[in-house]
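Undergrad: Give me the fold of what follows.
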Amino acid sequence: MKIVERPDYREFESYVIELFKNAGFNIEVSRGTASYDFIMSKDGIRYIVDVKYYRSNSIANSSLRNAAYRMMAFNHAIKEEFIIVVPTSCLVCENSIKVNDKIIYIWTIENLLFFANTYELKSKLAQFTDVSLEQLSPKPPLLSSVSEDYNALGSQEKIANEVESKCDEYIKIFQSGQQKDFTTYEKVCCEALMLLFEDHLCLWGTQKTSNDNLYRFDTVCRIRENITSAFWHFIEEYFNSKYIIFEYKNYSNPITQKEVYTTARYLYSKAFRNVAIIIAVEGNDTENSYKAAKGVLREEGKLIILLSNDDMVKMLKKKKDNEDPSDYLYDKLDNMMIELEK
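TA: Sure thing, here's the model as predicted:
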């Protein structure tokens, strides 16, 4: 699956088109200076669609009204239904806007979630919002003719089966040990982490380099807004960390204190980045690297959690059993804090 590191309007529009094509709509992309993005049709009914991408989780109704008026100003003589699509919850914006005698429908992220009937589509949708999808319920759009042949409950069951299958797939990979190269291991780790924590983390930026090009870290994520996970809430509140660094080590031996101290250099409080997680095939040599991680926590207030392939397997099994895999990280943190020396 393609990871959208910094979502923008074009990527969101492409996703919406992909989503509606999957739902059986025919798509005609607009050309030139049209005031809409595409026309979709199904069963003889045509819908003019304008896609708006906002980074904010709430949209001023005035912004939606301005978009609606602009659509009507250029298309006032058209008889088709009008739809504006936004990656925002229906709880914070209007469901429809009336312009003259025409109703323009607002389709929100709950409506898009209704159409996201595969794990791949749902996972892509999660990349376009800071809100956790686990807090939202799929909602049929207001147009009954669009949703009458859709089974939202069946879609959720299908997604759950796909998640279970993917967990089994990654469990086998991590149980197989060291991968053929570092790139493969990084890809596997990042995809597995997205599967585990996409409800709690977003952005998933990969292969980041420090400003002076001296250090490179594998993945950086941001904690989503209003999450329910106790672990990530604790990290955000008590470690003042909004961003999390992940490092992947495809080593045949356990990592040493060197990797811990190198990772610690990436962390600093002014960037709200005080937490890192290192995943290594064989984990850590408890004698040195684990002591180094505790020393960094005690002396600098930076948290570095050390994981192995076996730890990844255990978290994937929790995910498969519909448990929260972040609870496993919480247990790791508890043990580390309890064992912390003066």
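Undergrad: how about stretch 115-122 as CSV, C-alpha atoms only?
TA: Taking C-alpha atoms only, stretch 115-122 is exported to CSV below (Å, rounded to 0.1, in the frame of the first residue of the first chain):
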residue,chain,number,x,y,z
PHE,A,115,-18.0,3.2,1.0
ALA,A,116,-14.5,2.1,2.2
ASN,A,117,-15.4,-1.6,2.1
THR,A,118,-11.9,-3.1,2.1
TYR,A,119,-9.0,-2.8,4.5
GLU,A,120,-6.9,-1.1,1.8
LEU,A,121,-9.5,1.7,1.2
LYS,A,122,-10.1,2.2,4.9
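Undergrad: That one: which residues count as buried?
TA: Under the neighbour-count criterion of 16 or more other C-beta atoms under 10 Å, stretch 115-122 has 115-117, 119-122 buried. (Each C-beta comes from the backbone N, C-alpha and C, glycine too.)
Undergrad: same deal with stretch 165-184?
TA: Result for stretch 165-184 [16+ other C-beta under 10 Å]: buried residues 166-167, 170-171, 173-174, 179.
Undergrad: And for that stretch, what's in contact with it?
TA: Under the criterion C-beta atoms under 8 Å, 6 or more residues apart in numbering, residues 119, 185, 188, 191-192, 195, 248, 250-252, 281, 309-310, 312-313, 316-317, 319-320 lie in contact with stretch 165-184.
Undergrad: Between all of the buried residues of stretch 115-122, which two are separated the most?
TA: Farthest-apart pair in the buried residues of stretch 115-122 is 115 and 119; separation 13.8 Å (C-beta to C-beta).
Undergrad: about what we covered before: helices - which of the contacts of stretch 165-184 land there?
TA: 119, 185, 188, 191-192, 195, 309-310, 312-313, 316-317, 319-320 (DSSP state H).
Undergrad: got the residue ranges for the helices in the stretch 101-250 of the chain?
TA: Using DSSP state H, counting those that start in this stretch, the helices of the stretch 101-250 of the chain run over 109-115, 119-126, 144-147, 152-175, 182-197, 230-238.
Undergrad: among those, which is the most enclosed?
TA: Each of those was assessed for mean neighbour count using mean count of other C-beta atoms under 10 Å. The highest is helix 109-115, with a mean of 23.
Undergrad: that older thread, as JSON lines, the buried residues of stretch 115-122 with pLDDT and distance to residue 28 would be great.
TA: Formatted as JSON lines, these follow (pLDDT from 0 to 100; distance: C-beta to C-beta, whole Å):
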{"residue": "115", "pLDDT": "89", "distance to residue 28": "18"}
{"residue": "116", "pLDDT": "91", "distance to residue 28": "22"}
{"residue": "117", "pLDDT": "88", "distance to residue 28": "23"}
{"residue": "119", "pLDDT": "91", "distance to residue 28": "29"}
{"residue": "120", "pLDDT": "91", "distance to residue 28": "24"}
{"residue": "121", "pLDDT": "92", "distance to residue 28": "21"}
{"residue": "122", "pLDDT": "92", "distance to residue 28": "26"}
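Undergrad: Would you format those as a markdown table with distance to residue 9 included?
TA: Converted to a markdown table, the buried residues of stretch 115-122 look like this (distance: C-beta to C-beta, whole Å):
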| residue | distance to residue 9 |
| --- | --- |
| 115 | 19 |
| 116 | 19 |
| 117 | 24 |
| 119 | 25 |
| 120 | 21 |
| 121 | 19 |
| 122 | 21 |
